[in-house]
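Asks: what follows is a predicted protein model with its sequence.
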Amino acid sequence: MRIPLVVTVCFSALTGHAPLVAAQATATLTPAVAVKPSDSSPEDESEPAQTPSTAKPESIYDRIWRFREWYRNEDNGVLQRLRFRGRYQQDFATVDADQGDHEEWNVRRLRMGLQAYMFGSLLLHAEVDLNPQEANPVYVRFTDMYAEWSTQPELVFTVGKQSIPYTVDGANSSRELLAVDRGALANNLWFTEEYLPGASVSGTSEPWVYFAGMYSAGARNKELGEFSGGVVTLGSLGYNFAKSLDAEEALASVNYVYQNPDPDNTFTRPFQHIVSLNLRLEKTRWGLRTDLSAGAGYYTQSNVWGVLVMPFVNVTPKLQVVGRYEFLDSPDPNGIRLGTYEDRVVSGRGDQFHDVYFGANYYFYDHQLKLQTGVQFADMQDQANDGGAYSGVSWVAGLRVGW
């Protein structure tokens, strides 16, 4: 599907990774490699011209989601489109572990913003992250804020605070995750801050997809950072086997990250080298995502490697079931972190982790309105015996709304 690139100026908060190219990113352009994850909505998908006899009737969701379209005029040479963008994600989580219990309602993400498409080739984007559960501060940060230019999908330039897309989960927008949240592999080897100031070039020339970016990794603040630390570079290359496998997507990719060790860097995880090999396979009724990643730590961070296997089945056009297995290992003590809710029970670190996840998703309006739920059985060993051991079951149910 294609959308002319436009200027996005988001004030509130949307975490979306704006369309990458002067044409909207398609599913094959939301890989764990070269292209930033897509935040496209159902109505954005390109479709063949429809005659009155083939046009699908407008749904109640189509009518409701019109509120996000503030302006649209393809004949305007300056501003073609202005959209209100955002997401609201509510969780209920409970953890039952040998080390203790935890239960909470949590506004996992609340982001809003504006998106504008201009001059037929320019996109400006900015958004903020809000936390309504805290009276002060409600404003958390600018998630991303960038300008993107392209006249063809083979070459896209982006400058500003933008995503750093690698690993299967890390390269996927939080709108479109198959599990309720990202897994342990991404939580440890991906940069969970997600958005860094920098410049990148990306694109697709079927069947190849590529991405190259350079980012500042200085001290973190609520806006663009202090530019006081080192530099992070990311290079990705992917090949889509979809045609030969008669699949909707079959993207294999390799990602490499390098950063200078710097004590002033609070934007990223302390890994000097990270390599991630990914596969995203999707057919009509089923699919599979895999990830094999390893990182060479610096300072007190141990080396870590991990593997993820995540099959899923589309039971109906709206109901999907998902499974996941992860294994992570660190040769030295305290190299591995637990996830968001498990960390509420055990805040220490361990050296070996594995989990099994079973979940289900129900899509009312594609990724724009869905319910997700999942149960995770996890275990972490702690050879240092200093408070990082964990063994328990967690259940998370989530409402996901995007616009």
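Replies: Looks like it arrived, so ask away.

Asks: use CA for all of it now, contacts and neighbours both
Replies: OK.

Asks: report the buried residues of stretch 350-366.
Replies: Buried residues in stretch 350-366, counted by 16 or more other C-alpha atoms under 10 Å: 350-363, 365.

Asks: same check, this time on stretch 327-346
Replies: 327-330, 332-343, 345-346.

Asks: send me that stretch as CSV with only the CA atoms.
Replies: Provided in CSV are the C-alpha atoms of stretch 327-346 (Å, rounded to 0.1, in the frame of the first residue of the first chain):
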residue,chain,number,x,y,z
PHE,A,327,16.1,-19.1,25.9
LEU,A,328,18.8,-16.6,27.0
ASP,A,329,22.3,-17.3,28.4
SER,A,330,25.0,-15.2,30.0
PRO,A,331,28.4,-16.7,30.8
ASP,A,332,28.9,-14.3,33.7
PRO,A,333,26.5,-13.6,36.6
ASN,A,334,23.8,-10.9,36.4
GLY,A,335,23.8,-10.5,32.7
ILE,A,336,20.0,-11.0,32.1
ARG,A,337,17.0,-8.8,33.0
LEU,A,338,13.4,-9.9,33.7
GLY,A,339,10.4,-8.4,31.9
THR,A,340,8.2,-5.5,32.9
TYR,A,341,5.9,-7.3,35.4
GLU,A,342,8.2,-10.1,36.6
ASP,A,343,10.7,-7.3,37.5
ARG,A,344,8.1,-6.0,40.0
VAL,A,345,8.6,-9.2,42.0
VAL,A,346,12.4,-9.8,41.4
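
Asks: can you tell me what sits against that stretch?
Replies: 93-95, 97, 99-102, 183-185, 187-188, 301-308, 347-355, 382-384, 387-390, 394 (C-alpha atoms under 8 Å, 6 or more residues apart in numbering).

Asks: picking that back up, take the buried residues of stretch 350-366 and keep only those in strands.
Replies: Using DSSP state E, the subset of the buried residues of stretch 350-366 located in strands is 352, 353, 354, 355, 356, 357, 358, 359, 360, 361, 362, 363.

Asks: so for the fourth one, what's the pLDDT?
Replies: If you check residue 355, the pLDDT there is 98.

Asks: confirm for me that it is in contact with residue 310.
Replies: No: look at residue 355 against residue 310 with C-alpha atoms under 8 Å: they stay out of range, at 11.6 Å.

Asks: surely residue 160 meets residue 195?
Replies: No: contact criterion C-alpha under 8 Å: residue 160 and residue 195 do not qualify, at 9.5 Å.

Asks: overlap of the contact sets of those two?
Replies: Jointly contacting residue 160 and residue 195 under the rule C-alpha under 8 Å, 6+ apart are residue 144.

Asks: state whether residue 235 is indeed within a helix.
Replies: No: counting by DSSP: H, G, I helix; E, B strand; the rest coil, residue 235 is not part of a helix but strand.

Asks: mind telling me what element the residue lying closest to it once chain neighbours are set aside is part of?
Replies: If the residues on either side of it in the chain are set aside, residue 235 comes closest to residue 212, at 4.5 Å by C-alpha to C-alpha, 6 or more residues apart in numbering. Element membership of residue 212 [criterion: DSSP states H and E] is strand 208-217.
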